[in-house]
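Chemist: build me a model:
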Amino acid sequence: MNPQVFPQGSGKHVNKTIIIVVLAVVLAGFVGLAIWALVNYNEQKTNVQGKVDDAVAIAKKTQADNDEVKFAARDKEPNREFVGPDDYGALSFNYPKTWSVYINKDANTSGGTYEAYLNPVSVPAVSTTQQYALRVTIEQQDYNTVITSYNTLVKTGALHSSAVVAANGADGTRLDGNFTKDIRGAAVIFKIRDKTVTLRTDANTFLPDFNALIATIKFNQ
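Modeler: So this is what the prediction gives:
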């Protein structure tokens, strides 16, 4: 039996072919890996850019909201001064210039109870259920009698009672909570000679302005 004879150098060609195939496979692997990495990079870049865009949008919204609050606060300045009747202690306090004032009962001409209403832009028609930025009432009632009229609401927890001091050093009472089903806010009550003054805001929206306002209250004791 004659041995099979291979052409000289054929082994080298086989080795080269194997090497070429291996290199092609490796190269294809690298190319695939590169494509995968590029696709993954683009996806990550898109995700990161999306997060950056979202963060920028949130930051712009926050800045715009802050600017709006600052502009609104600046628009209220400088404050105006409210001055009540001389015979009723010459009550005074500072209020935002964007608020309007309506005197419903002027004690200078009619005596009895003095009533004033303050509200941004315009004052709605006077009503017990209407909410106002501020109600001012000076009545010819004893201070303790006025405070006692709120005892039931304080005992039930609808109102919280605490001490307050006017800018002129006079002691008073502060009430916070639900005065009626329509009115939720805060009030301060002070004794003015033989009369009692109550300043009340009818909505928590106005509390920052109310707190700033009551810090400026003065009257003749």
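
Chemist: domain assignment for this protein?
Modeler: With domains defined by automatic domain parsing, the chain comprises 10-75, 80-214.

Chemist: out of these, which is the most enclosed?
Modeler: Sort those by mean neighbour count, taking mean count of other Cβ atoms under 10 Å, and domain 80-214 sits at the top with a mean of 16. Just so you know, the C-beta spots here come from the backbone N, C-alpha and C atoms, and that holds for glycine as well.

Chemist: what's the mean pLDDT across that domain?
Modeler: Averaged over domain 80-214, pLDDT sits at 94.

Chemist: ok, now stretch 31-43?
Modeler: Averaging pLDDT along stretch 31-43 yields 81.

Chemist: need the strands for this protein, in chain order.
Modeler: For the chain, the strands defined by DSSP state E cover 80-83, 92-95, 99-105, 114-120, 134-139, 159-165, 171-178, 184-192, 195-201.

Chemist: show me what the third one is packed up against.
Modeler: Spelled out, that is strand 99-105. Helices and strands touching strand 99-105, by 3 or more Cβ pairs under 8 Å, 6 or more residues apart in numbering; DSSP states H and E, are strand 114-120.

Chemist: between the strand it packs on and strand 134-139, how many degrees?
Modeler: If you take axes from the mean of the first three to the mean of the last three Cα atoms, to 10 degrees, strand 114-120 sits at 180 degrees to strand 134-139.
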